[in-house]
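1. Following is a predicted model, sequence given first.
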Amino acid sequence: MSSIEPSDVRHRNKRLAVWCAAGFFTMITAAYASVPLYRAFCELTGFDGTPRRAEQSSAVTLERTIVVRFDANVRELPWSFRPQQTAQTLKIGQTGLAYFTVTNNSDKPVTGHAVYNVTPQIAGGYFQKLECFCFSNQTIPAGKTIEFPVVYFVDPKFAEDFDTRGKSEVTLSYTFFPAQEAETKSAEAPSALGGTLKAGL
């Protein structure tokens, strides 16, 4: 009957520990990589209520109109954030321009990043943004107020899709978080309107 030497057991345990550590770090790396990949997928497809980023305006404008409502929120920042308009009515395919105002109420510069979504979620694939403050971090100087534009349109295919053609309004919601927390929040935080928040690219 053979016996196992203590050195063999130590060697086996050490090898097992190395494999466990390698597996752990692989999972952590994959988890971090999945956030930007998921966000890019949502931007491309409009999945999960994510407005798509457009390169140019729509070539087609329909006579049918749609109401776009705006919502603004702040989390963990000394800021006041509000839309300058509660809603806009425009033709489907028409380019809209909306403004949001942010005030830094603190005595030092603060950097935030806006995460966003559209409700109903099915409309996310047709709500396209040409310009948005959510595309990058925003630093507001101490005590300053800054006005941010959002340029957008609703894709005319919205009126053809069986799931959206009966909808008469959509809501674009933004929430500003501290910049270093925005990616984590975008993956975890439920929107006040029921969707999943997304960080802008």
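-> That came in fine, so what should we check first? Residues are numbered from 1 along each chain as shown.

2. any idea where the strands of this structure begin and end?
-> Counting by DSSP state E, one finds strands in the chain at the ranges 52-53, 65-74, 79-83, 87-91, 96-104, 110-119, 127-132, 138-140, 145-154, 169-178, 198-199.

3. What strands flank the fifth one, and is each parallel or antiparallel?
-> This means strand 96-104. strand 79-83 (antiparallel), strand 145-154 (antiparallel) (DSSP bridges).

4. mind giving me TSV with the strands of the chain and columns for mean neighbour count?
-> All C-beta atoms are positioned from the backbone trio N, CA, C, and that covers glycine. Compiled in TSV, those are given as follows (neighbours: other CB atoms under 10 Å):
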stretch	mean neighbour count
strand 52-53	18
strand 65-74	18
strand 79-83	17
strand 87-91	15
strand 96-104	18
strand 110-119	24
strand 127-132	20
strand 138-140	17
strand 145-154	18
strand 169-178	22
strand 198-199	26
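
5. Columns distance to residue 163 on top of those strands, output as CSV?
-> Putting the strands of the chain into CSV (distance: least, CB to CB, whole Å) gives the following:
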stretch, distance to residue 163
strand 52-53, 16
strand 65-74, 15
strand 79-83, 26
strand 87-91, 20
strand 96-104, 22
strand 110-119, 14
strand 127-132, 14
strand 138-140, 34
strand 145-154, 14
strand 169-178, 13
strand 198-199, 20
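
6. will you turn those strands into CSV that also has mean pLDDT?
-> As requested, the strands of the chain are exported to CSV (pLDDT from 0 to 100):
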stretch, mean pLDDT
strand 52-53, 64
strand 65-74, 96
strand 79-83, 97
strand 87-91, 97
strand 96-104, 97
strand 110-119, 94
strand 127-132, 94
strand 138-140, 96
strand 145-154, 96
strand 169-178, 96
strand 198-199, 46
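
7. Among the ones you listed, which comes closest to residue 161?
-> Shortest separation from residue 161 across those is recorded for strand 145-154, at 11.3 Å, computed as CB to CB.

8. Residue 131 and residue 148, how far apart?
-> Separation of residue 131 from residue 148 (CB to CB, to the nearest Å): 9 Å.

9. circling back: among the strands paired with strand 96-104, which is nearest residue 94?
-> When those are compared for distance to residue 94 using CB to CB, the nearest one is strand 145-154, at 6.3 Å.

10. and the closest one with strand 87-91, angle?
-> The directions of strand 145-154 and strand 87-91 differ by 30 degrees, with axes from the mean of the first three to the mean of the last three CA atoms, to 10 degrees as the criterion.

11. The chain should start at 27 in everything you say after this.
-> OK, 27 is where the count begins now, so the last one is strand 171-180.

12. quick check: angle from strand 171-180 to strand 153-158?
-> Orientation note: strand 171-180 sits at an angle of 150 degrees relative to strand 153-158 (the same axes, to 10 degrees).
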